[in-house]
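Trainee: Okay, predicted coordinates and the sequence, questions at the end:
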Amino acid sequence: MKSKRNRIISVILMLCLVFGLAGCKGQKTSDAENVTPTPEKEQQAEPTPENKDPGQPVTKRSKRSIIDEMLAAYGAFGDISKNRVNTLLTELKEIDAADEERWERIVKLWQSIDETPVNFDCLPDGLPDTDELCLVALGFQLDSDGGMLTELKERLKVLYKCANQYPNALIVCTGGGTALNNPEATEAGKMAEWLIAKGIAPERIIVEDKSLTTAQNAINTLALLHEKHPQVKQLAIISSDYHIPTGVLVFEAESMLHSESEEARVKVVSNAAWKAPAGTLSRMFQAGALIEISGNIETAFDIYYENYDIHELPPLDGR
């Protein structure tokens, strides 16, 4: 893991130099998820790139490098990085105006995502009670033998209430194999079994059992809905309260990036959550999820491994 750690440290040091910050350090705490790097003071002026030989031709960077820097910058420094993020969006626009428009919308959503209203225990009234609505339950790591831990069971209780509240909505259970000693068990499979035992009709349930990350939850779920259930136009995310903003951000970003048009895309319209006694997801984790959605799986997993204790999970397959 040292090489992965060194790569992440190198990225953060590079960003510190780019931003001209007086100090830059990530705080490690006993809470493995509370790891957002925090600059010691706000930058006073927009960072400028290193001076280059005016006689040298300017080489345009790739979209990949621009997007990675933009997401890493906001993940590490938040609002302090706004000037740099805007500069990178302008650079992206020169290469691909349509892609720049999509990423600008995603960044604006990201900047306000912590203000997402969270509904506890059930969904609000007024959503369509048809199969145009799909309830998406996000999984949680299984125990080593394949059993569901308390957090996943509590999420399922919320999902069960929502399923009865909107009896004509479809249901997606999403989450792959995370049991160390039981390769046959999947989060989605266990969730579906629990729902069916509680009387939920099997034909309502869609099982997505390949995902290992929130980003993959979004990628795989939206692909399944597009292929097999094109009538679905609205999503309600079901998870723990601390996970809702990240879930909404990632599903909306995946939909924005890969839908043919704004009118055609599936939208996240609501959520319902279990109020967890603890748990956080940092902005840097969200950066990793967006980088994964953008297609850079290796860098995304470097961020996950550096910031979160997921070392025992199976390796991620390529998208």
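Mentor: Sure thing, it's come through.

Trainee: In terms of pLDDT, where does residue 261 sit?
Mentor: With respect to pLDDT, residue 261 scores 84.

Trainee: likewise residue 42?
Mentor: On the pLDDT scale, residue 42 gets 35.

Trainee: Repeat that for residue 273.
Mentor: The model's pLDDT for residue 273 equals 98.

Trainee: in the helix or strand where it lies, what counts as buried?
Mentor: Here residue 273, judged by DSSP states H and E, is contained in strand 267-274. Buried residues in strand 267-274, counted by 16 or more other Cβ atoms under 10 Å: 268, 269, 270, 271, 272, 273, 274. Every C-beta, even on glycine, is put in place using the N, C-alpha and C of the backbone.

Trainee: Only C-alpha atoms, please: export that strand in PDB.
Mentor: Output in PDB follows, covering the C-alpha atoms of strand 267-274 (Å, rounded to 0.1, in the frame of the first residue of the first chain):
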ATOM      1  CA  LYS A 267     -33.500  12.200 -12.000                       C
ATOM      2  CA  VAL A 268     -33.100  11.800  -8.300                       C
ATOM      3  CA  VAL A 269     -36.300  13.400  -6.800                       C
ATOM      4  CA  SER A 270     -36.300  12.300  -3.200                       C
ATOM      5  CA  ASN A 271     -34.700  10.200  -0.500                       C
ATOM      6  CA  ALA A 272     -35.400   8.400   2.800                       C
ATOM      7  CA  ALA A 273     -32.800   7.600   5.500                       C
ATOM      8  CA  TRP A 274     -32.100   5.800   8.600                       C
END
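
Trainee: and after it, which helix or strand comes next?
Mentor: According to DSSP H and E, the helix or strand after strand 267-274 is helix 283-294.

Trainee: tell me which residues in stretch 283-296 are buried?
Mentor: Quick answer for stretch 283-296 (16+ other Cβ under 10 Å): 283-294, 296.

Trainee: Where do the helices of this protein begin and end?
Mentor: Ranges of helices in the chain, per DSSP state H, are 2-19, 63-77, 82-95, 97-112, 150-165, 187-197, 214-228, 244-258, 283-294, 297-307.

Trainee: Just want the angle from the last one to helix 283-294.
Mentor: In other words, helix 297-307. 160 degrees (axes from the mean of the first three to the mean of the last three Cα atoms, to 10 degrees).

Trainee: ditto for the fifth one
Mentor: Using the same axes, to 10 degrees, the inter-axis angle of helix 150-165 relative to helix 283-294 is 60 degrees.

Trainee: Can you give the contact residues for helix 150-165?
Mentor: Applying Cβ atoms under 8 Å, 6 or more residues apart in numbering, the contact partners of helix 150-165 are 121-123, 135, 137-140, 142, 148, 169, 171, 187, 190-191, 194-195, 198, 200, 204, 236, 238-240, 272-274, 276.

Trainee: Next one: residue 55, what pLDDT does it get?
Mentor: In this model, residue 55 is scored at 58, pLDDT.

Trainee: Of the buried residues of stretch 283-296, which is the nearest to residue 72?
Mentor: For the buried residues of stretch 283-296, the closest approach to residue 72 (Cβ to Cβ) belongs to residue 287, at 5.9 Å.

Trainee: And the closest residue to that closest one other than its chain neighbours, how close does it get to residue 117?
Mentor: Excluding its sequence neighbours, the residue lying closest to residue 287 (Cβ to Cβ, 6 or more residues apart in numbering) is residue 75, at 2.6 Å. Distance, residue 75 to residue 117, using Cβ to Cβ, to the nearest Å: 23 Å.

Trainee: Looking at the two, which has the bigger crowd around it?
Mentor: residue 75 (25 against 8; other Cβ atoms under 10 Å).

Trainee: Give me the helix or strand of this protein that scores worst on average pLDDT.
Mentor: Of all helical and strand segments in the chain, the minimum by mean pLDDT, DSSP states H and E falls on strand 24-25, at a mean of 36.

Trainee: re earlier: export the buried residues of strand 267-274 as TSV, with columns for distance to residue 224.
Mentor: As requested, the buried residues of strand 267-274 are exported to TSV (distance: Cβ to Cβ, whole Å):
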residue	distance to residue 224
268	16
269	19
270	20
271	20
272	21
273	23
274	24
